[in-house]
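Visitor: My questions are about this predicted structure, shown below with the sequence.
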Amino acid sequence: MKRGKNKRGQVWIETVIYTLIAFVMIGLVLSFARPKIQELQDQLILDQSIEVLKKIDSTILSMGSAGNQRILPVTIKKGEIQIDGEEDKIIFNMESKSLYSEPDKEIIDGSVIILTKEKTDLNLVTLTLDYNEIYNLTMEGKDEKKSLSSASTEYSISIIHKGFDSLGKPTLDFTI
């Protein structure tokens, strides 16, 4: 009688030990795989953000004459977009665990300037559209900065060609 109870107890102890070993192994696999998955997700988001900036750029270049207006839907999953009316730039910033490009070297992809800066834990990736010599960008009629942060819903960006400024550059007014 004693031997039967010991065997049953031994089966339960073995089951618990094997289950714990399985959980430890799953935890180890996830601890190595999760950072790599996050890096791949960040790279995918950056690739999509470059495409969004290229879409904004092609829309700006197709504005034509004064009075034209375009509305762009823009989704920001991570990071932020700045529309800088003071410097006439559109900038996307995102912190990432991966190095998207060679640190501290500008890379040009079409009209998008890509710059990665190394930090201790995360890297700052900056994507820039520079219109300083071409257009005068304004934010709701003023030369100021406006930031759009990540959100689950999409933003509607309205771009209106307002004519030409005193230097002869086309003025494009952005409204969110």
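Guide: Right, received. Where do you want to start? Residues are numbered from 1 along each chain as shown.
Visitor: how about the helices in the protein?
Guide: 2-61 (DSSP state H).
Visitor: Sketch out the low-pLDDT regions of it for me.
Guide: Where the chain drops to pLDDT under 70, the residues are 1-8.
Visitor: Provide a list of residues in contact with residue 56.
Guide: Applying CB atoms under 8 Å, 6 or more residues apart in numbering to residue 56 gives the contacts 72, 74, 90, 129, 157. (C-beta placed from N, C-alpha, C; glycine too.)
Visitor: So the first one versus residue 149, what's the distance?
Guide: Shown here: residue 72 relative to residue 149, a distance of 17 Å by CB to CB, to the nearest Å.
Visitor: which one of the two has more residues nearby?
Guide: Ranked by neighbour count (other CB atoms under 10 Å), residue 72 and residue 149 place residue 72 first, with 16 against 11.
Visitor: Please name the nearest non-neighbouring residue to the more buried one.
Guide: residue 157 (4.7 Å; CB to CB, 6 or more residues apart in numbering).
Visitor: before we move on, what about residue 117?
Guide: Residue 117's closest residue in space is residue 124 (CB to CB, 6+ apart), at 4.6 Å.
Visitor: who's that neighbour bridged to?
Guide: Note on residue 124: beta-bridge partners by DSSP bridges are residue 95, residue 117.
Visitor: Distance of it relative to residue 80?
Guide: Counting by CB to CB, the separation of residue 124 from residue 80 is 12 Å.
Visitor: Name the residues contacting each of those two.
Guide: Joint contacts of residue 124 and residue 80 (CB under 8 Å, 6+ apart) are 93-94.
Visitor: circling back: what subset of the contacts of residue 56 is buried?
Guide: 72, 74, 90, 129, 157 (16 or more other CB atoms under 10 Å).
Visitor: Does the first one touch residue 59 like I think?
Guide: Yes: under the criterion of CB atoms under 8 Å, residue 72 is in contact with residue 59, at a separation of 5.8 Å.
Visitor: ok now stretch 128-141, how far from the chain's centre?
Guide: Relative to the centre of its chain, stretch 128-141 is centred 21 Å away, using CA atoms, centre = their mean, to the nearest Å.
Visitor: Could you give me the buried positions within it?
Guide: 128-129, 131, 135-139.
Visitor: Looking at the buried ones among the contacts of residue 56, which one is closest to residue 104?
Guide: residue 129 (20.1 Å; CB to CB).
Visitor: With adjacent residues omitted, what lies nearest to that closest one?
Guide: For residue 129, the spatially nearest residue (CB to CB, 6+ apart) is residue 90, at 4.3 Å.
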